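Participant: the following comprises the amino acid sequence and a computationally predicted model.
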Amino acid sequence: MAQKPPRPYQVTPHGAIERVDDNLWSVESAVPGIPGGIFPRRMSILRLGDGSLLLHNAIPLDDAGLAALRALGRPSILVIPSPLHCLDANAVRERYQVRLLCPAGALAAVRERTAVDGTLDELPRDPAVRFEPLGGVPSGEGVLVATSADGARASLVLGDVLLNVPHLPGFWGFVYRLGGFTGAAKAGPIWLKRAVTDRAALRASLERLATTPSLHRLVPSHGPLVERDPARVLGDVARAIRT
């Protein structure tokens, strides 16, 4: 299949880069191009052991945001968590001059949207981050386990396996609520249908991730951080997946 024309580097309104932990930051915007213009997305920023930066989920930044990003370190890797998160991947890859990595099983699908430099199997071994694949997901999608510089706290950086979007206002907020995209933390309904072939295996993966030592927070790509009882929340998400 021919590669689709890439979206240009197009900055849409976004927040400031905010510190999450001593080597973890994030920036939020609304997902462009979908009804309502209110559904949130997050780009997570991890500082690796060599001082360079790994970006998870692409969001184009304005000049001030890009300067703030580069003040944290040199962007070196962009992780695209799934084929559903390719909208700005090509533009960010080219503007920031980073290597784009994606799940191995999603390589063909992601290449329809953007050039790819490698798979998450090639993620460098680093004390700051490791990749944990999810069971029951043939594309090889998974979770980044980010460890604080002092080793005391672990954060799980997730794709659509976890939506944590509160109910949104207005007509489109009502539509998202009816579709099951907002409310209590949950696995993304579209992602569950498209990406998951063995829900029991996925549940087992989430239950295992809930026991991650020193688990301090969940960092979803959509919605606020979960810093209160993250293990319980992830366990609840697992138990809500019908097998």
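Facilitator: Good, I have the coordinates. Because the structure is predicted, anything quoted here is derived from the model rather than measured.

Participant: next, count neighbours for residue 15.
Facilitator: 13 (other Cβ atoms under 10 Å). Bear in mind the C-beta positions are built from the backbone N, C-alpha and C, glycine included.

Participant: isn't it up against residue 29?
Facilitator: Yes. With contact defined as Cβ atoms under 8 Å, residue 15 counts as touching residue 29 (7.0 Å).

Participant: can you give me the strands in this protein?
Facilitator: Counting by DSSP state E, the segments of the chain that form strands are 18-21, 24-30, 40-47, 53-56, 75-79, 99-102, 118-119, 129-133, 142-147, 154-157, 215-219.

Participant: ok, which of these comes nearest residue 188?
Facilitator: Residue 188 sits nearest to strand 40-47 of all those, at 12.1 Å, using Cβ to Cβ.

Participant: quick one: mean pLDDT for the closest one?
Facilitator: Across strand 40-47, the average pLDDT comes to 98.

Participant: partner strands of that strand, parallel or antiparallel?
Facilitator: In the sheet, strand 40-47 lines up against strand 24-30 (antiparallel), strand 53-56 (antiparallel) (DSSP bridges).

Participant: where are the low-confidence patches of this protein?
Facilitator: Along the chain, the model assigns pLDDT under 70 to residues 1-4.

Participant: for it, which segments are assigned as helices?
Facilitator: Ranges of helices in the chain, per DSSP state H, are 63-72, 89-96, 107-111, 170-178, 189-195, 199-209, 230-240.

Participant: give the buried residues for the second one.
Facilitator: Counting neighbours by 16 or more other Cβ atoms under 10 Å, one finds that the buried residues in helix 89-96 are 89, 90, 91, 92, 93, 95, 96.

Participant: and it, how far from the chain's centre?
Facilitator: 16 Å (Cα atoms, centre = their mean, to the nearest Å).

Participant: which strands or helices does it pack on?
Facilitator: strand 75-79, strand 99-102 (3 or more Cβ pairs under 8 Å, 6 or more residues apart in numbering; DSSP states H and E).

Participant: format the ones you listed as TSV; extra columns: distance to residue 189.
Facilitator: TSV is the format used below for the helices and strands packed on helix 89-96 (distance: least, Cβ to Cβ, whole Å):
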stretch	distance to residue 189
strand 75-79	23
strand 99-102	22
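
Participant: neighbours of the residue nearest to residue 47 when sequence neighbours are not counted, how many?
Facilitator: Leaving out its chain neighbours, the residue that sits closest to residue 47 by Cβ to Cβ, 6 or more residues apart in numbering is residue 23, at 4.1 Å. Using other Cβ under 10 Å, residue 23 has 24 other residues around it.
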